[in-house]
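[1] Structure for this input, please:
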Amino acid sequence: MAQTNNNNTSTWSLSDSEFEMVKHIIDIPILEDFRLSEYSIYKVPYNIREVNKEAYTPQWISIGPIHLGKTELNPMQEHKKRYFHFFWVRVSNPQAMKTYKHYLESMEPQIRHCYADKFPYIQKQEFVDMILLDAVFIMELLLRNSSWKSDTSKHQQDYKHTRSFRVKHNEDYILTQSWLSISITRDLILIENQIPFSVLQKLYEDVVPQDDKKTEHNSFVDLAIEYFAFYDTQMSSSDETKLILNKNQSIKQYFTGSVRGSKKPKPQSNDKCEPKHFTDLLRYFYLPTNFERMKSRCSRHVLRTATKLQESGVSFEKDVKRRLLDVSFEKKPILSSFLCLGCLPCLNHFKARFRIPQLKVDHTTECVLRNLIAFEQCHYPEQPYICNYVSLIDSLIHTEQDVELLVEKEVIVHELGSDTEVATLVNSLCKHLVAKSTCYCEIIDDLNKHYQNAWNRTMAALWLVYFRDPWRASSTVVGVAVLVFTVFQFLRAVRSLFHNGT
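    All right, here's what the predicted structure looks like:
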């Protein structure tokens, strides 16, 4: 295969001998280089999509070229135009808008290369106009949402007031219809429904008037985090998410270089990591702050289920303060050998504690996790942390009894009809999921080692039967005390009997 390189672009073509071998099935002599390092927006692989098509398909609005022109999404095009008009009036600076469009025109090849699929039927000007309309709609939506949340009397305050334009909050169809607002937010996190984050960041920095930028919104990232807060189940702060973005730029560069086969760049501490798009931003909501310390390797064993681990004395504990992926297993080498003494909260050192951030399962959970999984499978094959987490939860849950245990411990809270539905949902998420390694390998090995210890299972049996809760433990202690007293009295009586006999 021959390669030509000109101005940082590459074209691959078959040599004459290569073409002769496959000429009957290939009628295109020039093949385009895949440019893997530039891709960030993908169509969901067919085998993953077929498990649940609805989880990856927008219901109300199309963003970007993948779902452009679908008949069922056309009604929202009118709302895009309305929001474009609102944004034009907000900016009141036609030159700024023209400059931004020139920027899109100059960056059109780079923006187009963010998409793994090519769209040759979309001409350059049509592509630029699509990106412009979608970017302006998203920006106006996020700005209006921020103002809507901050106004205490939102139904009476004017949102914008100029000589020729006036609209009130209660006249905004999208904001006032909660069901529609939630549906649009859901569509904006789909991996197939994205435009590059840099396009929105540029629009925010160069076009949005300074008066519309709140003091707490130092960048577009802050505005986006506020808008998608509904999906941040741990209610992580904007500063914490930005800290993760900044801390892990060098690591992200490292893996990008290693995955694509290019030379690994030197880490630069001052670099700031910008999300690729909203799906990527949502992924950062769930990464722990010690993300850079997570090391992935293959585990030699499969994790036991929740009920099996409980039978070996593992204590499941919820954690509402940690990020979703921040799972840990803690035990003291000597004290935890006496698991039956850990029935009281003050005796945590005697427990083998499996601490898991609380997972809230509702009607949006499957959609969010499926899109994050699909994105990682395509873009982060060396950092599949969401995939690792889902696989870990899937290993814990095989039956309704496993879910019942985790719900009892409040590790999982759900709004579904039954625990069986939760088990079915979790087990289906891992279908066609491929991960060569897991960042929870050490935890899995420690848990399995704990389970395989016969002494731990013996102590766990004592704990489950006699020390499962403070009341049962107190009854056991009283029973043991009565037994000891009875034996003591019996021995005393026997001693007296022998003494009198002599």
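[2] F490 and V477: what is the separation?
    Counting by CB to CB, to the nearest Å, the gap between F490 and V477 amounts to 20 Å. For every residue, glycine as well, the C-beta is placed using N, CA and C.
[3] What of D129?
    On the measure of CB to CB, D129 and V477 end up 77 Å apart.
[4] Same question for I138.
    With distances defined as CB to CB, the gap from I138 to V477 amounts to 63 Å.
[5] if you count what's nearby, which of these two comes out ahead?
    When I138 is set against V477 and neighbours are counted by other CB atoms under 10 Å, the residue ahead is I138, at 24 against 12.
[6] Could you list the buried residues of the host helix or strand of the more buried one?
    Take DSSP states H and E as the rule and I138 turns out to sit in helix 124-150. Using 16 or more other CB atoms under 10 Å as the test for burial, helix 124-150 gives 127-128, 130-148.
[7] Ok, stretch 177-197 next?
    By neighbour count with 16+ other CB under 10 Å, stretch 177-197 contains the buried residues 180-181, 183-197.
[8] Regarding V403, what is its secondary structure?
    Assigned state for V403: helix (three-state reduction, DSSP: H, G, I helix; E, B strand; the rest coil).
[9] What residues does the nearest residue in space to it that is not next to it in sequence make contact with?
    Spatial nearest neighbour of V403, excluding adjacent residues (CB to CB, 6 or more residues apart in numbering): D419 at 4.0 Å. If a contact means CB atoms under 8 Å, 6 or more residues apart in numbering, then D419 has 400, 403-404, 407 as its contacts.
[10] which of the residues you listed count as buried?
    Neighbour counting over the contacts of D419 (16+ other CB under 10 Å) leaves 403-404 as the buried ones.
[11] List just the nearest of the contacts of D419 to I386.
    Here the nearest of the contacts of D419 to I386, counting by CB to CB, is V403; it sits at 20.3 Å.
[12] Now for V487, how many residues are close by?
    The number of residues packed near V487 is 10, by other CB under 10 Å.
[13] That one: what's it in contact with?
    By CB under 8 Å, 6+ apart, the contact list for V487 is empty.
[14] Just want the phi and psi numbers for it.
    Backbone torsions of V487, given as degrees, to the nearest 10, read phi -60, psi -40.
[15] do the same with F84
    Geometry field for F84 lists phi and psi as phi -60, psi -40, criterion degrees, to the nearest 10.
[16] ok, it - contacts?
    For F84, the contacting residues are 133, 136-137, 140, by CB under 8 Å, 6+ apart.
[17] Out of those residues, which is nearest to R49?
    Taking CB to CB as the measure, R49 sits nearest to F137 out of the contacts of F84, at 25.7 Å.
[18] Give me the pLDDT for that closest one.
    pLDDT, F137: 96.
[19] which ones are touching H67?
    If you count contacts by CB under 8 Å, 6+ apart, then H67 has 57-58, 73, 192-193 around it.
[20] And those, which two are furthest apart?
    Comparing all pairs in the contacts of H67 by CB to CB, the longest separation belongs to L73 and E192, at 12.2 Å.
[21] Residues that sit against both of these two, list them.
    By the contact definition CB under 8 Å, 6+ apart, L73 and E192 are jointly contacted by 58, 67.
[22] buried residues in stretch 354-361?
    With burial defined by 16+ other CB under 10 Å, the residues of stretch 354-361 counted as buried are 354-359, 361.
[23] Same list (those) but as a markdown table, adding secondary structure.
    A markdown table is the format used below for the buried residues of stretch 354-361 (three-state DSSP):
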| residue | secondary structure |
| --- | --- |
| F354 | strand |
| R355 | strand |
| I356 | strand |
| P357 | strand |
| Q358 | coil |
| L359 | strand |
| V361 | strand |
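[24] Closest one to Y284 out of these, please.
    Within the set of those, P357 lies nearest Y284; the separation is 15.2 Å, counting by CB to CB.
[25] Leaving aside the residues adjacent along the chain, what's closest to that closest one?
    Of all residues beyond its chain neighbours, the one nearest P357 is R322 (4.5 Å), with distances taken as CB to CB, 6+ apart.
[26] From C114, how far off is that neighbour?
    Distance from R322 to C114, counting by CB to CB: 33 Å.
[27] And for E226?
    Separation of E226 from C114 (CB to CB): 24 Å.
[28] who's more crowded, the two?
    Per other CB under 10 Å, whichever of E226 and C114 has more neighbours is C114, with 21 against 17.
[29] thinking again about what came up before, could you pick out which of the buried residues of stretch 177-197 are located in strands?
    Using DSSP state E to define strands, no part of the buried residues of stretch 177-197 is located there.
[30] Looking at those, which are in helices?
    Secondary structure assignment by DSSP state H places 180-181, 183-187, 197 of the buried residues of stretch 177-197 in helices.
[31] coming back round to it: can you redo the buried residues of stretch 354-361 as TSV with distance to L372 and pLDDT?
    Putting these into TSV (distance: CB to CB, whole Å; pLDDT from 0 to 100) gives the following:
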residue	distance to L372	pLDDT
F354	23	91
R355	22	92
I356	18	93
P357	16	92
Q358	18	92
L359	14	92
V361	15	92
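[32] so which helix or strand takes in the most centrally placed residue in the chain?
    When the chain is reduced to its mean C-alpha position, the closest residue under CA atoms, centre = their mean turns out to be R283, at 3.8 Å. Element membership for R283 (DSSP H and E) is helix 278-286.
[33] in the stretch 301-450 of the chain, which segments are predicted with low confidence?
    Across the stretch 301-450 of the chain, residues meeting the criterion (pLDDT under 70) sit at 334-350.
[34] now the strands for it?
    When assigned using DSSP state E, counting those that start in this stretch, the strands of the stretch 301-450 of the chain occupy the ranges 314-319, 328-331, 352-357, 359-361, 412-414.
[35] which among the contacts of D419 gets closest to Q383?
    Proximity of the contacts of D419 to Q383 (CB to CB) peaks at V403, which lies at 28.5 Å.
[36] Can you name the residues that contact the closest one?
    Contacts for V403 were tallied using CB under 8 Å, 6+ apart; they are 397, 412, 419-420, 422-423, 426.
[37] how close does it get to T424?
    Using CB to CB, we find V403 at a distance of 10 Å from T424.
[38] Thanks a lot, see you next time.
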